[in-house]
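In: let's see this in three dimensions:
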Amino acid sequence: MASISLGPAYHRLLWATALSNLGDGIRMAALPLLAAAMTKDPVLVAGIAVAGQIPWLLFGFFAGAVVDRFDRRRLTVAVDVTRVSLLAVLVAALAFDVAGLVLLYVVAFACGVGETLRDTATATLLPPLVKDDDLDRANGGLVNAEVAGNELVGPPLGGYLFGVALVLPFAVNGGALALAAALIFSLPNVFAPKPADVAPKGRIWHDTFAGLRWLAGHRRLRTLVALGGLFAMLDAAWFPILVLYVDQVLALPVWAYGVLLGVGAIGGLTGGFLAARITRSIGSRATLTACLACAAAGQVMLGLTTSTYVAAAGLVITSGAFGVWAVAARTLRQRLTPPDLLGRVSSAAMTIVMGAAPLGAFAGGLVAAAWGLSAPILIGVPLLAAGALVCVLVLRD
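Out: Take a look at the predicted model:
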């Protein structure tokens, strides 16, 4: 995506986003591997992933209230520096062979808390740096940096680095976060809240619920957030069982699963790349409607075929639709939300998505066990179609 006109401050934010998410992807893969090297108990190994993800469910809504009352640039830097310090402790413990599972859980949970605060804060950094007309294009670059780091490059790199040396992925994670913190610190000093917007200390609960009440009273935004949660839930209902679908429905070898994941990732990146052009051509309401409709079409293709090529095309369509949605929804949310509420609205949207995804995965597993592997794919089609109809009726430009 061409972004020359977006300016040097945007590019620093883009690089910081890429480095931070790359580090998160590396850590996400390496921590369970390290836990598996310490214990063979599957519950304890799986618990590492839970410890890293549960902060969103525990603190996600409140993160926005914290972000809205502090300088978002300084808060982001402070969070990154804290996570670098935690990773340095882990690296030192590994170097002296004194690391244990308790330390791994502490690092996973603390970094998860930091990620909750940081992702909420960075979701509010973009609007002051670019013109309103460039928000969609700028968000496309940030979304692609997040996807590439967290999903495409980070996890396999983390696995590879762990195979070279136990400490290496965590050292690289810490170095990437340190660079990201330096880049964020170099941004213009335009993120401090106005004195009139700063709530008295000790009112996090009050601020959080005030933001949620405002969101609930905004027809377009509450619809947008609810549809985002629905989209995430329906996508998560079938994606975790894709490995079984590739084996049992498509009858492909194990390595084909990785290939299809790569195909889906390319679709998502392409969607993020094209999102601004699509939105500018047909408007945000039509774009979001088309995303849900295309996702439904892609799931029909996946659910009714045994052809590898048709399934690959369905993956590209569904992933591309999700990529476009991520950019278009974030841009619309930034445009409709007052600056002093953006942290709370952003954290609400992200927390709902983070909560909906595991719920969808659990429900999808139950549906697949009862009615077969294609059932969780096809059951989302009418719900996505209904969501598209809601977009037409509610999300007017």
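In: alpha carbons only for contacts and neighbour counts from here, please
Out: Fine.
In: outline the domain layout of this protein.
Out: Domain ranges of the chain: 4-198, 208-394, per automatic domain parsing.
In: what ranges do the helices span in the stretch 251-397 of the chain?
Out: Counting by DSSP state H, counting those that start in this stretch, the stretch 251-397 of the chain has helices at residues 255-282, 284-303, 308-336, 342-371, 375-378, 380-394.
In: so which residue of the chain lies furthest out from the middle?
Out: Going by C-alpha atoms, centre = their mean, the residue of the chain most distant from its centre is residue 96, 34.4 Å out.
In: may I have the residues that are in contact with that residue?
Out: Contact partners of residue 96, counting by C-alpha atoms under 8 Å, 6 or more residues apart in numbering, are absent.
In: any idea how far it is from residue 175?
Out: Residue 96 sits 20 Å away from residue 175, going by C-alpha to C-alpha, to the nearest Å.
In: dump the domains of the chain to JSON lines, plus mean pLDDT.
Out: Listed next are the domains of the chain as JSON lines, based on pLDDT from 0 to 100:
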{"stretch": "domain 4-198", "mean pLDDT": "89"}
{"stretch": "domain 208-394", "mean pLDDT": "91"}
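In: who's in contact with the closest residue to residue 359 other than its chain neighbours?
Out: Spatial nearest neighbour of residue 359, excluding adjacent residues (C-alpha to C-alpha, 6 or more residues apart in numbering): residue 233 at 6.7 Å. In this structure, residue 233 makes contact with 353, 356-361, judged by C-alpha under 8 Å, 6+ apart.
In: give me the element residue 233 is part of.
Out: Assigned by DSSP states H and E, residue 233 falls within helix 219-238.
In: and the following helix or strand past that helix, what's buried?
Out: Going down the chain from helix 219-238, the next helix or strand is helix 242-248, by DSSP H and E. Of the residues in helix 242-248, those scored as buried under the neighbour-count criterion (16 or more other C-alpha atoms under 10 Å) are 242-243, 245-246.
In: for the nearest residue to residue 6 once chain neighbours are set aside, list the residues it contacts.
Out: Nearest residue to residue 6, sequence neighbours excluded (C-alpha to C-alpha, 6+ apart): residue 130, at 6.2 Å. Contact partners of residue 130, counting by C-alpha under 8 Å, 6+ apart, are 6-7, 10, 138.
In: show me how to select, in ChimeraX, the buried members of those.
Out: Selecting only the buried entries of the contacts of residue 130 in ChimeraX, with 16+ other C-alpha under 10 Å as the criterion:
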select :6,10,138
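In: now, which of the contacts of residue 130 sits nearest residue 193?
Out: residue 10 (19.9 Å; C-alpha to C-alpha).
In: that closest one in helix, strand or coil?
Out: helix (DSSP: H, G, I helix; E, B strand; the rest coil).
In: is it true that it touches residue 127?
Out: No. Counting by C-alpha atoms under 8 Å, residue 10 stays clear of residue 127, with 10.0 Å between them.
In: got the CA positions of stretch 167-177 in CSV?
Out: Below are the C-alpha coordinates for stretch 167-177, written out as CSV (Å, rounded to 0.1, in the frame of the first residue of the first chain):
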residue,chain,number,x,y,z
VAL,A,167,16.8,-17.9,25.2
LEU,A,168,16.9,-16.6,21.6
PRO,A,169,13.2,-16.0,20.9
PHE,A,170,12.8,-14.1,24.2
ALA,A,171,15.9,-12.0,23.6
VAL,A,172,14.6,-11.2,20.1
ASN,A,173,11.1,-10.4,21.5
GLY,A,174,12.7,-8.0,24.0
GLY,A,175,14.8,-6.3,21.4
ALA,A,176,11.9,-5.8,19.1
LEU,A,177,9.8,-4.3,21.9
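In: quick one: buried residues of it?
Out: Buried residues in stretch 167-177, defined by neighbour count with 16+ other C-alpha under 10 Å: 167-177.
In: same question for stretch 282-297.
Out: For stretch 282-297, by 16+ other C-alpha under 10 Å, it's 284-297.
In: likewise stretch 208-219?
Out: Taking 16+ other C-alpha under 10 Å as the basis for neighbour counts, the residues of stretch 208-219 that come out buried are 208, 211-212, 214-215.
In: by contact count, what packs against the one helix or strand residue 78 maps to?
Out: Residue 78 is part of helix 72-95, with elements assigned from DSSP H and E. Under the contact criterion of 3 or more C-alpha pairs under 8 Å, 6 or more residues apart in numbering; DSSP states H and E, the helices and strands touching helix 72-95 comprise helix 101-122, helix 168-185.
In: and the contacts of that helix?
Out: Taking contacts as C-alpha under 8 Å, 6+ apart, the residues outside helix 72-95 that touch it are 67, 99, 103-104, 107, 110-111, 114, 117-118, 121-122, 124-125, 166-167, 170-171, 173-175, 177-178, 180-182, 184-185, 187, 189, 191-192.
In: again, but for stretch 296-313
Out: By C-alpha under 8 Å, 6+ apart, the list of residues contacting stretch 296-313 reads 249-250, 260, 263-264, 314-318, 374-375, 377-378, 380-382, 384-385.
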